[in-house]
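Asker: Could you work out the structure for the sequence below:
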Amino acid sequence: MTEFGYHAAALAARRLPVWLSDPIAACLADLYVATHPGKAREVNRRLERLWGEAGVAGASGASWLPPGARPGANPGARPGARQTYRAFAEALRDFLASTGAADGRSPRVRLERDAALHLEAARASGASTVVVSGHFGPWELALQWLASEVGPVDALAAPHRCGAVERFFRAHRAAHGVRTLGGERPAAAAIERLRTGGWIAVLADRSRRSHGSPSSGRSPAAVAAGLVPIDTAPLLLARRGHAQVLAGVSWRDPDGAIAIRFHAPFTLAPARGGLDPAQAARTLQGFFDAHVRAHPTQWFDWNR
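Answerer: Residues are numbered from 1 along each chain as shown. This next block holds a predicted model:
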């Protein structure tokens, strides 16, 4: 989509009532799935892996099943690429509508009790913080909410291939207290920000090797260990910036609210009670994998 397309979509998202923009977003998502069968198959393969794991769990006596799946259900009835792209369309619609939205238009945010305690612990420590997440649910709105709670947040994100579109997204984030780090050395800027007590947000479910990542890319051990490919660059960023790590995930509940969960904050200073890099990678892996298993159609892994 071009810059003009994003501006037009943002205008429509702000002006149209939700009861009208919801079916429009769903129709556009369905059209994309129909016209991009290869991409839809990739999403379905990833979901089938989850359904397969659910079958193994059921055989072992566990009660967990992915949302929408019933014991013995026809695989064709399970949520698939269409539901995933619809969830993505809703998340994009809400992000585009967020700037200039009237009071009451923004989705509610629901924070679990433990998540609230983990966020308060991170904030009360006064330490610089690397917020690590992935392309989970309405991650852009969740980041906007976080900035409203803790103050300005800098995002270390891979730039869009179109400069005009990248400027559009930067301006949209900045309107809600989220500055996108850029320049030729964004990782260096992030480390400098951390050393002055700042908060940096990074998505760890893809490699940023070609965009100034402070590491050499994904850890092969971490990738092989679970569902979500983990880029260990944010962990190295936290260690070099003497920062704590706050892992977070977001999803949209059936009532439209944005739900957010945080893991307990940790540091990469084993001598002072923190985790070593391998332990930290396993912690992220377990946290993200559990989230994807619980909300499989709200992981937009094609963005990696």
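Asker: What is the least confident helix or strand in this protein?
Answerer: Here the helix or strand of the chain ranked lowest by mean pLDDT, DSSP states H and E is helix 220-225, holding a mean of 45.
Asker: Toward the C-terminus, what is the element adjacent to it?
Answerer: Downstream of helix 220-225, the first helix or strand assigned by DSSP states H and E is helix 233-240.
Asker: between the helix or strand just after that following helix and helix 233-240, how many degrees?
Answerer: Moving toward the C-terminus from helix 233-240, the next helix or strand (DSSP H and E) is strand 244-252. Between strand 244-252 and helix 233-240, the angle comes out at 150 degrees (axes from the mean of the first three to the mean of the last three Cα atoms, to 10 degrees).
Asker: can I have strand 244-252 written out in CSV, keeping just the CAs?
Answerer: The C-alpha coordinates for strand 244-252 follow below in CSV (Å, rounded to 0.1, in the frame of the first residue of the first chain):
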residue,chain,number,x,y,z
GLN,A,244,16.2,-4.9,32.5
VAL,A,245,14.0,-7.0,30.2
LEU,A,246,10.2,-6.8,30.3
ALA,A,247,8.6,-9.3,27.9
GLY,A,248,5.0,-8.6,26.9
VAL,A,249,2.3,-9.9,24.7
SER,A,250,-1.1,-8.6,23.6
TRP,A,251,-4.2,-10.0,22.1
ARG,A,252,-7.8,-8.9,21.4
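Asker: Now do Arg240 against Asp205, distance only.
Answerer: 21 Å (Cβ to Cβ, to the nearest Å). C-beta: built from backbone N, CA, C; applies to glycine.
Asker: same check, this time on Gln83
Answerer: Look at Gln83 and Asp205: by Cβ to Cβ, they are 19 Å apart.
Asker: quick one on the thing from earlier: between Arg240 and Asp205, which one's more packed in?
Answerer: A count of neighbours by other Cβ atoms under 10 Å puts Asp205 above the other of Arg240 and Asp205, at 23 against 17.
Asker: Let me know the helix or strand that the more buried one is in.
Answerer: Assigned by DSSP H and E, Asp205 belongs to no helix or strand.
Asker: pLDDT wise, what is it at?
Answerer: Asp205 carries a pLDDT value of 87.
Asker: What average pLDDT does stretch 15-34 get?
Answerer: Averaged across stretch 15-34, pLDDT comes to 92.
Asker: what comes into contact with that stretch?
Answerer: Applying Cβ atoms under 8 Å, 6 or more residues apart in numbering, the external contacts of stretch 15-34 come out as 12-13, 39-40, 81-82, 85-86, 88-90, 92-93, 97, 105.
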